[in-house]
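Trainee: Take this sequence and fold it.
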Amino acid sequence: MAKVLMVLTSHDQLGNTGRSTGFYVGEAAHPYEVFAREGIEVDFVSPKGGTPPQDGVDRTDPAQAAFLDAPAVAAALAETRTPMDIDPADYEAVLYVGGHGAMWDLPDDEKLADVTRQVWEAGGAVSAVCHGPAGLINVKLSDGSYLVSGKTVAAFTDEEERALGLDDEVPFLLASTLVQRGARHAAVPNCQPNVEVDGRLVTGQNPASAAPLAEALVEVIKTRRRAGVSA
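Mentor: All right, here's what the predicted structure looks like:
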């Protein structure tokens, strides 16, 4: 059975704030919970491999506690794969997890972009939540076009970034950059869940969108399987 590849940032410094960052744990834990319930396997990859930095840990959230305490997850997070370790043919979907760190290292990782392109062009699904779409801004297809061009996407909004006072700390504003790449950016008020499904591209606006994004991605995967597409 093919799997979902969950992409996590390796970047741990939040600009010049002196604060740490990493992948936002809830944005991995809630999708993982959905995938586990559906019997969908998950592998983890990060630009540097090894143990990726975490942000936003909240052990009062049952999904996060279960995720962090699961022996299989702990073992996988201790030794995430590098992009060079990944065979795109093994995956029917890619999910870019957010967390501010994603803004620094995911956009320019050419190997991750190539993995994503290959999964997409093989008929697989591509998804990203919150700051995760930063990993999509430079993904080009074989015809030279941006994967997001002409597609409706959700992502952490410029307004949400300003509300956090981090619009001058991040290397670029995500929503604006997606629009520059030809995407149609769809947004709802700050902190409200928002998931956009455009064919096999599934994107979510913020942490509140993580679980519904995973549920939407599962439906795309099921549709893919019913159509007889196999990784």
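Trainee: Give me the helix or strand of the chain that scores worst on average pLDDT.
Mentor: One helix or strand of the chain scores below all others by mean pLDDT, DSSP states H and E: helix 210-226, with a mean of 95.
Trainee: Mind giving me the packing neighbours of it?
Mentor: helix 25-37, strand 91-96, strand 125-129, strand 195-198, strand 201-204 (3 or more C-beta pairs under 8 Å, 6 or more residues apart in numbering; DSSP states H and E). The C-beta positions use only the backbone N, C-alpha and C, and glycine is treated the same way.
Trainee: Using TSV, please lay out these together with mean neighbour count, mean pLDDT and distance to Ser149.
Mentor: Listed next are the helices and strands packed on helix 210-226 as TSV, based on neighbours: other C-beta atoms under 10 Å; pLDDT from 0 to 100; distance: least, C-beta to C-beta, whole Å:
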stretch	mean neighbour count	mean pLDDT	distance to Ser149
helix 25-37	23	98	25
strand 91-96	27	98	17
strand 125-129	29	98	13
strand 195-198	20	98	11
strand 201-204	28	98	11
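Trainee: Distance to Asp168 added to these, as a markdown table?
Mentor: Compiled in a markdown table, those are given as follows (distance: least, C-beta to C-beta, whole Å):
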| stretch | distance to Asp168 |
| --- | --- |
| helix 25-37 | 23 |
| strand 91-96 | 24 |
| strand 125-129 | 23 |
| strand 195-198 | 27 |
| strand 201-204 | 25 |
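Trainee: for these, which one sits closest to Ala214?
Mentor: When the helices and strands packed on helix 210-226 are compared by C-beta to C-beta, helix 25-37 sits nearest Ala214, at 3.6 Å.
Trainee: Outside of that closest one itself, list whatever touches it.
Mentor: 4, 6, 8, 41-42, 54-58, 61, 63-64, 66-68, 73, 95, 97-99, 129-130, 132, 207, 210-211, 213-215, 217-218 (C-beta atoms under 8 Å, 6 or more residues apart in numbering).
Trainee: Thought Gly98 was touching Cys130, still the case?
Mentor: Yes - counting by C-beta atoms under 8 Å, Cys130 touches Gly98, with 3.0 Å between them.
Trainee: higher neighbour count, these two?
Mentor: More crowded of Cys130 and Gly98, by other C-beta atoms under 10 Å: Gly98, with 34 against 29.
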